[in-house]
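J.: sequence unavailable; structure follows:
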RNA sequence: GGAGAGAUGGCUGAGUGGUUUAAGGCGCACGCCUGGAAAGCGUGAUUACCGAAAGGUAACGGGGGUUCGAAUCCCCCUCUCUCCUCCA
């Protein structure tokens, strides 16, 4: 959520910045301004009435104490009318605030000044390229072929169990997936100083709203129903990312300045309905309904937000470097950025069998956009309450990392060579049929 | 799932319709005192919104109701604790 004061005082700037986003020209700034104006004027009126009611009520109390009953009764009659008016105005205030809130939560974040203007992925500037694509003397196999040959994933039975978009990892595939999770967590804990948390995989609606998944992207989440009566439907959701629970850990709290920065790392499965992506477009593991991910979350002072974002990207990149993978980092242009983000770097890893780069990490600074939604603040040494910046980054998403790994390290004999840092987790240096 | 007991400020804990603008204690900050500390004394400390300011309004788990006036009375919900039941 944006600061209403910023909109009030600098509507032109907000409108212009939002217009650079995808769909940003539909933004209802005028409506917001008029509701805000209406709200403040109603508030002023009703608060004056309440002040006078409080005053008279106190007088009634005094009169009652002095047994001056008829005088008290007269004042009661007088105040009763004020009370009716207050009820009416209170109702108007609530309605106005609700309407205002509805519009406010649908407003995307302002892009940071350093974000390139653009419309689509074509306009995303390349920041850097690491390594080189693996060289093959003949056409490299796709991950689907490798998985079938080495029995890493049983695609058909995954579909049998849960429908298309769900994977059954088998044998070495299951072990490789688990080894990767362990490797990622250990890397971020021991080398990058993150604190591990293991969050719930189901969260309440308020958490989804807090990170900005809701209300706009509600159709992308799986709603959980408890029992058969459906009474809990709409209240609980499978997490689309660990960001949903983890970023909300300190919601509605006032942290002390010396608690910052906070750095959390969490593993979770991620559940995405991918509504609208009929048939998911691709066979294989590229776009699925459930995948594993290790997520990095930072809560930092605003002045540190962008330095921390650079560090965060570096931490995610380290994963790919250690696994010997070729990748590129791009900065999303204004039109391609997510709803909550002020600035986003995507990391895309090269998958030789696909012949394309796959997005395995998205690192964003949401500035105070989420903090305001979840009412997370910190108290400065000077005693002032401020909103922290909240950052999130994949460190990294697993299924696609799995793909890049086996496609990159496949050998002419059909086996897959395991990169050194993974070997002791997997207790082998090679997966073969 | 069943029965009972609870939910008040950073913590503890009073308060059962009107100087409660929430007592007292602990802890915290600042000051006095001190060679320095402790003790003692004094002062200050919640959050949100409106307002240029003075100031005002709201919040005692959440929501609704009664009343001129609700922490206090009534209804609904949530959560916590204890004991059963079930269960990995």
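T.: That came in fine, so what should we check first? Predicted model, so just to flag it, every value in this text is computed and none were measured.
J.: from RNA strand B, how far out is residue A:380?
T.: 10 Å (C-beta to the nearest atom of the strand, to the nearest Å). From N, CA and C alone the C-beta is placed, and that goes for glycine too.
J.: residue A:241 and residue A:268 touch, don't they?
T.: Yes - with contact defined as C-beta atoms under 8 Å, residue A:241 reaches residue A:268; the gap is 7.3 Å.
J.: which neighbours do these two have in common?
T.: When contacts are counted by C-beta atoms under 8 Å, 6 or more residues apart in numbering, residue A:241 and residue A:268 have A:293, A:295 as shared neighbours.
J.: ok, which stretches of the stretch 101-250 of chain A are helices?
T.: Secondary structure of the stretch 101-250 of chain A (DSSP state H, counting those that start in this stretch): helices at A:143-150, A:155-162, A:171-186, A:205-210, A:243-246.
J.: where does the stretch 301-433 of chain A dip in pLDDT?
T.: Scanning the stretch 301-433 of chain A for pLDDT under 70 picks out nothing.
J.: name the element residue A:97 belongs to?
T.: Element membership of residue A:97 [criterion: DSSP states H and E] is helix A:69-104.
J.: quick check, distance from that helix to the centre of its chain.
T.: 39 Å (C-alpha atoms, centre = their mean, to the nearest Å).
J.: let me see the contact set for the nearest residue to residue A:421 once chain neighbours are set aside.
T.: Excluding the flanking residues, the one nearest residue A:421 by C-beta to C-beta, 6 or more residues apart in numbering is residue A:322, at 4.9 Å. Going by C-beta under 8 Å, 6+ apart, residue A:322 touches A:187, A:419, A:421.
J.: now, of those residues, which are buried?
T.: Burial by neighbour count, 16 or more other C-beta atoms under 10 Å: within these this picks out A:187, A:419.
J.: can you put the contacts of residue A:322 in CSV and add distance to residue A:196?
T.: Formatted as CSV, the contacts of residue A:322 follow (distance: C-beta to C-beta, whole Å):
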residue, distance to residue A:196
A:187, 11
A:419, 23
A:421, 18
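J.: circling back to that earlier point, most tightly packed of the helices of the stretch 101-250 of chain A?
T.: Stretch with highest mean neighbour count among the helices of the stretch 101-250 of chain A: helix A:243-246 (a mean of 28; mean count of other C-beta atoms under 10 Å).
J.: which bits of the stretch 1-150 of chain A sit near RNA strand B?
T.: Counting by C-beta under 7 Å from any atom of the strand, the residues of the stretch 1-150 of chain A close to RNA strand B are A:4-5, A:40, A:43-44, A:47-48, A:50-51, A:53-58, A:60-61, A:64-65, A:76, A:79-80, A:83.
J.: which PyMOL command selects the buried ones in the residues you listed?
T.: With 16+ other C-beta under 10 Å as the burial test, the buried ones among these are selected in PyMOL as follows:
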select buried, chain A and resi 4+43+53+60+79
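J.: mind listing which of the residues of the stretch 1-150 of chain A next to RNA strand B are in helices?
T.: Using DSSP state H, the subset of those located in helices is A:4-5, A:40, A:43-44, A:47-48, A:50-51, A:53-58, A:60-61, A:64-65, A:76, A:79-80, A:83.
J.: up against RNA strand B, what does the stretch 251-400 of chain A have?
T.: A:254, A:377, A:379, A:385.
J.: out of those residues, name the ones that lie in strands.
T.: Mapping these onto strands (DSSP state E) picks out A:254, A:377, A:379, A:385.
J.: now the stretch 201-350 of chain A against RNA strand B: closest residue?
T.: RNA strand B sits closest to residue A:254 of the stretch 201-350 of chain A, with a gap of 6.1 Å, by C-beta to the nearest atom of the strand.
J.: is it true that that residue touches residue A:378?
T.: Yes - counting by C-beta under 8 Å, residue A:254 does reach residue A:378; the two are 6.6 Å apart.
J.: which residues are common contacts for those two?
T.: Counting by C-beta under 8 Å, 6+ apart, the residues touching both residue A:254 and residue A:378 are residue A:385.
J.: let me see the ranges of the strands in the stretch 251-400 of chain A.
T.: A:254-256, A:262-271, A:290-300, A:327-331, A:343-351, A:356-365, A:377-379, A:385-386, A:389-397 (DSSP state E, counting those that start in this stretch).
J.: is residue A:145 in contact with residue A:353, as I believe?
T.: Yes - counting by C-beta under 8 Å, residue A:145 does reach residue A:353; the two are 7.4 Å apart.
J.: what sits against residue A:320?
T.: Taking C-beta under 8 Å, 6+ apart, one finds A:130, A:327, A:347, A:349, A:360, A:396 in contact with residue A:320.
J.: I'd like these as TSV, with distance to residue A:263 appended.
T.: Listed next are the contacts of residue A:320 as TSV, based on distance: C-beta to C-beta, whole Å:
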residue	distance to residue A:263
A:130	23
A:327	23
A:347	18
A:349	23
A:360	20
A:396	16
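J.: contact partners for the nearest residue to residue A:189 once chain neighbours are set aside?
T.: In space, and not counting its chain neighbours, residue A:189 is closest to residue A:196: 5.6 Å by C-beta to C-beta, 6+ apart. Shown in contact with residue A:196 (C-beta under 8 Å, 6+ apart): A:185, A:189, A:264, A:265, A:266.
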